[in-house]
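Undergrad: What follows is a predicted protein model with its sequence.
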Amino acid sequence: MAQQGRTGEHEVYIEAVLSLVEGVPVGRATTYGVLAGAVGHGGPRQVGRVMAVYGSSVPWWRVVRADGSLPLSHQCEALVHYREEGTPLRGRITDAASLRVDLDAVLWMP
DNA sequence: CGTGTGACACGTA
DNA sequence: TTACGTGCCACAC
């Protein structure tokens, strides 16, 4: 449709990241670096920033750090989703500091 | 226009 | 495994 006349690369980048996150299947997960490489521009930090601002509209919990650890202030919320989706975790639930997603089993790539 | 900060990544100890 | 330093890019002040 004839709208969005301004193809701002900034918005294109945001939509690209969000689109990829929405494409992550249930029970799986990916990393900021993978998404950054998928869009072919910027870096993992830029992806993280997009998630921090616009991530509220996408399954952000399926995006974790390269080592499988969770976002600093959202691991508790992510934990709830992981339990519902049956996402395999490593470490001990009693210690969120060492809690990580088993990327070796659920890593998803676009 | 320099400095600090961040939902990051990687190497090394 | 954790801790520290460095590189990266964008944004707030």
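TA: The structure has been received and is ready for your questions. Numbers count the residues shown, from 1 in each chain, chains lettered A, B, ... in the order given.
Undergrad: What sits closest to A:R28 if chain neighbours are left out?
TA: If the residues on either side of it in the chain are set aside, A:R28 comes closest to A:W108, at 4.1 Å by C-beta to C-beta, 6 or more residues apart in numbering. For every residue, glycine as well, the C-beta is placed using N, CA and C.
Undergrad: One more: A:G42?
TA: Spatial nearest neighbour of A:G42, chain neighbours left out: A:A36 (5.8 Å); criterion: C-beta to C-beta, 6+ apart.
Undergrad: Ramachandran angles for A:G43?
TA: According to degrees, to the nearest 10, the main-chain angles of A:G43 amount to phi -140, psi 180.
Undergrad: Could you do the one 5 residues further on as well?
TA: A:G48 adopts backbone torsions of phi -60, psi -40, taken as degrees, to the nearest 10.
Undergrad: Can you verify my assumption that it contacts A:G33?
TA: No. Under the contact definition of C-beta atoms under 8 Å, A:G48 does not touch A:G33, with a separation of 10.1 Å.
Undergrad: the more surrounded of the two?
TA: Neighbours per residue (other C-beta atoms under 10 Å) separate A:G48 from A:G33, with A:G48 holding more: 18 against 14.
Undergrad: check contacts around that one.
TA: Contact analysis of A:G48 by C-beta atoms under 8 Å, 6 or more residues apart in numbering lists A:Y32.
Undergrad: Just the closest residue of chain A to DNA strand C, please.
TA: When distances are taken as C-beta to the nearest atom of the strand, chain A approaches DNA strand C most closely through A:S98, which lies 3.9 Å from it.
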